[in-house]
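# Any chance you could fold what I've pasted below:
(one chain, ligands or ions: 2)
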Amino acid sequence: MRRALAGVGASKGLALGRARVRHPHVLTLSEETIAPEAIEAELARLDAAMQAARDELGGLREKLQGALAQEIGEFLDLHVLILDDPELRHGLRDLIQTGRYSADYALKLQRDRLAAVFQAMDNDYFRTRLDDLDHVIGRVHAALHRRPDDGQLGLAGEILVADDIAPAELAELSRQQLLAVVTRAGSPLSHSAIIARGLHLPMVVGCADALSHVNDGDALLVDGRDGLLVVEPNADDLARYHVARAKIEKKRAQLDRLKRAPTRTQDGMDIGLYANGERREEIAEALSMGADGIGLYRTEFLFMGRPQVPDEDEQFHAYRDAVLGMAGKPVTLRTLDLGADKADNSGLALRNEPNPALGLRGVRLSLSRPMLLDAQLRAMLRASAFGPVRVLVPMVTAREEIEAVKFRLNALAARLRDDGVPIGEHVRFGVMVEVPAAALTLLDYADLIDFAAVGTNDLVQYLLAADRTHEALDGLYSERHPAVLRLLHQLFAQARDARLPIHVCGELAARAEDVPLLLALGLRDFSVHPGAVLEVREAIRAADVGKLRRRAASLLQCRERAEVERWLERVRAL
Ligand code: PEP
Ligand code: MG
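Ligands and ions are numbered 1, 2, ... in the order given. Here you go, the predicted structure:
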C-alpha cells in the first residue's frame, strides 16, 4: 500500500529502487533458548552467517579501487580479523552448545562480553575498536536474517534505509552502486550528508517513520531535494517522477553550458568560485566545472574509517594528486579537523568527551599531537612543489593557536629547504573562521594570515548554541538568523578593511537561493561542493551586486527569519 513519509532533504536528486532496510545493530533481544535437538542446525546457521559476512567483506575488498581503496581496505581487513578471532567464534559456539541459546542471542551475549573487556582497557585505541566489533556483529546478525533471494554483495539498484550512517561507512557503501540513502536520524549539515552531496547520492535524513514503515524489498521513490519518501509508489507518483526527472535532465543540460562561462554578475563584477573536495573524482569534477581552485580539502577524510593514521608519504601522495589534478589552480589543504561528528578509527579523536563539539577538535587536537601536525604540514609543503597550495587551520579560537601552527609551518619549510626538498615559494597560510571568537577578532590576527575561510556550518552552531547534527533543532539552526547575518556582515567588512581575502566554504555558500544574501553582505568568494558550482554560478550571474548592496541595510534590520525570507523574495523580483 502506498505511503508518503516526510524527512529532510540532505542531498538532492531523485531515485526509484528497492528498499534495503538495515535495522540498528544494537542487539536488544530478549533471552531466546533452543531445544537440544536444534543445536546442530543453529550452529550450522551461525557458521553460514559468519561465512556470508566473510564473503561480503572479501567481495567489498575486491571491488575497491581508486583513492579510497587503501583507506577502506584496511578497515575491511580489520573486520575480517575480528570475524576470524577464535575468541569470538568459540564463545559463540559455546553459548549455543552449552547455553542452548539461539544464534541471535548468543551474538548479543558474546558482543556484550567482549565490549566489557574493550571498555575496561585504559587505552583510547582499544576503546574505539568497539565500533568495529559492533560493525562485525551487525554484519553477522544481518546475514542470519538474510532471505535466500537477497543479493549478498552490493546494493545495485537499492535504496538503503537505516537508522543513521557514519561518514566513512557512506563512502564504503557508495562503491556498491547504491541509488539513495534514507535515515531515521541525521541532519543535512552532518558530514555524512556532505559526503552524499559530493557523491551525487540522493539522501533524505530525519525520516522518523522510515524504519517502522518500510520493509526489505518495498519499492521506494526518494526525493532528496524535498526530503520525501514514497513507499510502494502508485501510477500518479511514477508519472510525476518521470516528469521531474526529465526536468532535472533539462536543467542539467542548461547548466552544463555554464561550465566555461565567467562567474560575473549583471553589473560586471567577477566573483571567485572555488570547490570543496578531496576525492579524485571531486577534484576532476571541480576542474571540469571551471572552479577557480579548491577552497576546502578536508584532510580528515583520509584518516577516517581505518585503524592506522596515514603517514607523511601517504598524505603527501594524496595532496600532491589533488594539486596536480587542479592543473595550476590553488588547492586549500585544511589540517586535520577530527572530533565532534568526525570520529576516526585510529583513536586520535577522543571518545566519550562530554561535549565533543566543544572539546579537543580541529587545531586543538593537532596542537596536542605535535608529531602528527608536523607530518601533516611537511606533506602539504612537499605537495606545494607541484602547484599552489594554501594551508588552512580549522577551529581556531585564539591568536596563540595561529602563531603556534605558523611557527611550525615556517620552521618545517626552512628545514625542508635546507635538506634540498623542493617546496613551493610562497605557501599561503590561513584560518577557518568558525568560532564566534575568531569572527569577532579577525583584525587582531589578520597580520598572521594570508586569507580566511568562513565555516558557516560550525559558526552557526556555535553562535546559536544549536548542534548542527541535532535533528530536533532543525528549526533553530539557521544561517538566516539575524545574528548570523550581522556577524557575517561585520566579518566581511573587517576583511575588506584589512585587504584580506575571505571566502565562505560552509554549506551556506552552496545554496543558490542564498547567493543574493551573501553578495549583499559583502562576500566576493564562494567555495561549494562540485555538484553546486554551476547552480551557484548561475545565481551569481543573475545578481546585481550594486542593487543588492543598496539593500544590505534593510537586510541587517531584519529581526527574524521570516523577515529575511521576505527580503529574499523582494530581491529575487528585482
Ligand atoms: C564549516 O564548519 O562550515 C566547514 C566548512 O567545516 P566542516 O563542515 O568540515 O566542519
Ligand atoms: Mg567546520
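
# Every contact and neighbour count from this point should use C-alpha atoms.
Will do.

# mind listing what S478 touches?
Each residue near S478 by CA atoms under 8 Å, 6 or more residues apart in numbering is listed here: V460.

# how much space between it and G17?
From S478 across to G17, the span is 32 Å (CA to CA, to the nearest Å).

# Burial check on the closest residue to ligand 1 within the stretch 251-400 of the chain, number of neighbours?
Per CA to the nearest ligand atom, the residue of the stretch 251-400 of the chain with the smallest distance to ligand 1 is R298, at 6.4 Å. R298 sits with 20 neighbouring residues when counted by other CA atoms under 10 Å.

# Chain neighbours aside, what residue packs nearest to it?
Here the nearest residue to R298 in space, its sequence neighbours aside, is R334; by CA to CA, 6 or more residues apart in numbering that works out to 5.7 Å.

# Report the contact partners of the one you found.
L296, Y297, R298, T299, V391, L392, V393, P394.

# and the chain, which of its residues are near ligand 1?
Selection of the chain residues close to ligand 1 by CA under 6 Å from any ligand atom yields E434, G455, T456, N457, D458, C505, G506.

# which of those lies closest to D164?
For the residues of the chain next to ligand 1, the residue nearest D164 by CA to CA is N457; the value is 19.7 Å.

# for the closest one, helix, strand, or coil?
When classified by DSSP: H, G, I helix; E, B strand; the rest coil, N457 comes out as helix.

# Identify the residues contacting it.
For N457, the contact set (CA under 8 Å, 6+ apart) comprises L189, E434, R468, G506, E507, L508.

# Check these against ligand 1 and report the nearest one.
Nearest to ligand 1 among the contacts of N457: G506, at 3.4 Å, using CA to the nearest ligand atom.

# My guess is that closest one contacts V460. True?
No: if you go by CA atoms under 8 Å, G506 and V460 don't touch, sitting 9.8 Å apart.

# Please enumerate the shared neighbours of the two.
By CA under 8 Å, 6+ apart, no residue touches both G506 and V460.

# Check what pLDDT G59 gets.
Listed pLDDT for G59 reads 72.

# in what helix or strand does it lie?
helix 39-63 (DSSP states H and E).

# residues in contact with that helix?
Applying CA under 8 Å, 6+ apart, the contact partners of helix 39-63 are 73, 76, 79-80, 83, 93, 96-97, 100, 102-103, 136, 139-141, 143-144, 152-154, 175.

# mind redoing it with 7 Å?
Defining contact as CA atoms under 7 Å, 6 or more residues apart in numbering, one finds that helix 39-63 is touched by 73, 76, 80, 93, 96-97, 100, 102-103, 139-140, 143-144, 152-153.

# One more: stretch 517-529?
For stretch 517-529, contacts defined as CA under 7 Å, 6+ apart pick out 198, 271-277, 295, 488-489, 492, 502-505, 507, 509-510, 545, 548-549, 552.

# Can you list the low-confidence ranges for the stretch 351-500 of the chain?
Within the stretch 351-500 of the chain, the ranges that satisfy pLDDT under 70 run 474.

# 80 - rerun?
Along the stretch 351-500 of the chain, the parts satisfying pLDDT under 80 run over 351-352, 469-475.

# can you map out the strands along it?
Ranges of strands in the stretch 351-500 of the chain, per DSSP state E, counting those that start in this stretch, are 389-393, 428-433, 451-454.
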